[in-house]
Each structure stands twice: as C-alpha cells, then as structure tokens.
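Trainee: Sequence plus predicted model, see below.
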Amino acid sequence: MHLQELVHLPRWTLRALALLSAALLCLIPMADNASAHGSLVDPASRNYGCWERWGDDFQNPAMADEDPMCWQAWQDNPNAMWNWNGLYRNGVAGQFESAIPDGQLCSGGHAESGRYNSLDAVGPWHMTDVSSSFTMDLYDQASHGADFMRVYVTKQGFDPATQAIGWDDLQLLEVTGSYAPSNHYMIPVSTSGLSGRHVIFTIWQASHMDQSYYLCADVNFV
C-alpha cells in the first residue's frame, strides 16, 4: 500500500494497522537473544555485574561515582554491558595462553573489535565477598554445555586495582569435567591463604563447538 492511499484510510483502519504492526514486531526475535550465550552470574563477571546493576538504569549519572569502572566501560563501548553473554572466541583449540595476550584476559583478547576492551581496565571494580570455599554459578543462556571449566585466581600480593592481569599473575584452582547442556552450572571452588581483593578468571569451553569464554569476576576473600 502506498503512502497516498494510507492518508485516505479511515482513522479506525489506521489504528488497526498500527496495532497489527506492533504485534508483528513483538514476534521478531532480537539479535542478542538469537545469539545468546552466557556468563558468570555469581560471583558476577565484570560485564554481567554492570548489566545487572545498571541495565535498567544506565542513564543514571550516579553510575559515575557509585560504579566508576562500569561507567568507564559504558562510555567506552555500551556493548560491553549489553552483550554481557557474548565474550568468547572460536577456534582457539585449547591454546588459551597463545590466543589471549597478557593484559587482555578479561576482554578475551578482543583488541581488534574494541567491544570488550574496557573490561581490562585497571581499577576498583565492584567486588563480591566470598569465603575460602564457595560455589560459582555460570549461566548458560543457550544451553551449550561444557567440555570443561578452568578456574584461576590472581596470586596473593597481586593487586588487580592497580595492575593489569597477565597469565603469570594467576594460579590454577580447578579444572572441571564436562557439564551436560543446561542453564546453570555450579562449580565448587576451594582456596587457601587468600585474602582481600582478587580476580577469579574462568575459561568456559563450550561443547557445541570449539568456542571458549573468558570471564573475570572481582571478589573479596573475607
């Protein structure tokens, strides 16, 4: 139907067409949902935590003072927060240390795209209090399953608020077995001799293809 024909339609007909168009739009899946994957939700990864705290309130100027690291991420590239479930690389074939340079672990080495670079920023990221033994919750929105998880923590004495994270700054805590496709994978973790601010760095190797996720969660051992 041409524009000139629409102009002469009765008002009730135009209203019906508008309602029909709105209903049809609701049936179209959003791109983010179609390509949804997942992230750590407890303790929250940096980008999921930003989305959880500010996704419904991203225009609030209080973010700058209350959550400065999320604020800088939002200013740098809003997709770091909106696409909290898509921080992965394909085809790494287990060569994680070769694929992800020092200083780029929290962005998964995505320097070429710039989407997640802000997650590598050094500073006082929001922390989750944990004890020496705790359980992590990884939310798999697309039920990919996992071949394994590799869970690291920054070494005692390393300060992620003032230093960029490299592979030599990590100690391996846990290598899990496989997980059948589901929405939540619970990962028990035990530590010893850790206190204060640390980063939990998790590699999730998905099962549906050679797809690996790189997730930084800031914690405070109490």
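Mentor: Perfect, thanks for sending it.
Trainee: Need phi/psi at residue 146.
Mentor: For residue 146, the backbone dihedrals (degrees, to the nearest 10) come out as phi -140, psi 130.
Trainee: Which residues does it form beta bridges with?
Mentor: Counting by DSSP bridges, residue 146 is bridged to residue 179, residue 206.
Trainee: any weak-confidence spans in the protein?
Mentor: 1-36, 111-112 (pLDDT under 70).
Trainee: Show me the helices in it, by range?
Mentor: Remark: helices assigned in the chain by DSSP state H are 3-7, 11-27, 31-34, 46-54, 63-66, 68-76, 79-82, 96-99.
Trainee: wait, what's in contact with the spatially most central residue of the chain?
Mentor: Nearest to the mean C-alpha position of the chain, by CA atoms, centre = their mean, lies residue 84 at 3.5 Å. By CB atoms under 8 Å, 6 or more residues apart in numbering, the contact set of residue 84 is 39, 45, 47, 48, 50, 51. (Each C-beta comes from the backbone N, C-alpha and C, glycine too.)
Trainee: Can I get stretch 77-89 in CSV? Just the C-alpha atoms.
Mentor: Output of stretch 77-89 as CSV, limited to C-alpha atoms (Å, rounded to 0.1, in the frame of the first residue of the first chain):
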residue,chain,number,x,y,z
ASN,A,77,31.5,0.9,24.4
PRO,A,78,28.0,0.2,25.7
ASN,A,79,28.1,-3.3,24.1
ALA,A,80,30.5,-4.5,26.8
MET,A,81,27.5,-4.3,29.1
TRP,A,82,24.6,-5.0,26.8
ASN,A,83,26.3,-8.1,25.2
TRP,A,84,27.4,-9.5,28.6
ASN,A,85,26.7,-13.0,27.3
GLY,A,86,28.9,-13.0,24.2
LEU,A,87,32.5,-12.7,25.4
TYR,A,88,34.0,-15.7,23.6
ARG,A,89,36.4,-16.8,20.9
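Trainee: Name the residues of it that are buried.
Mentor: For stretch 77-89, burial by neighbour count (16 or more other CB atoms under 10 Å) applies to 77, 79, 80, 81, 82, 83, 84, 85, 86, 87, 88, 89.
Trainee: Now do the fourth one against residue 44, distance only.
Mentor: When CB to CB, to the nearest Å is the yardstick, residue 81 and residue 44 sit 12 Å from each other.
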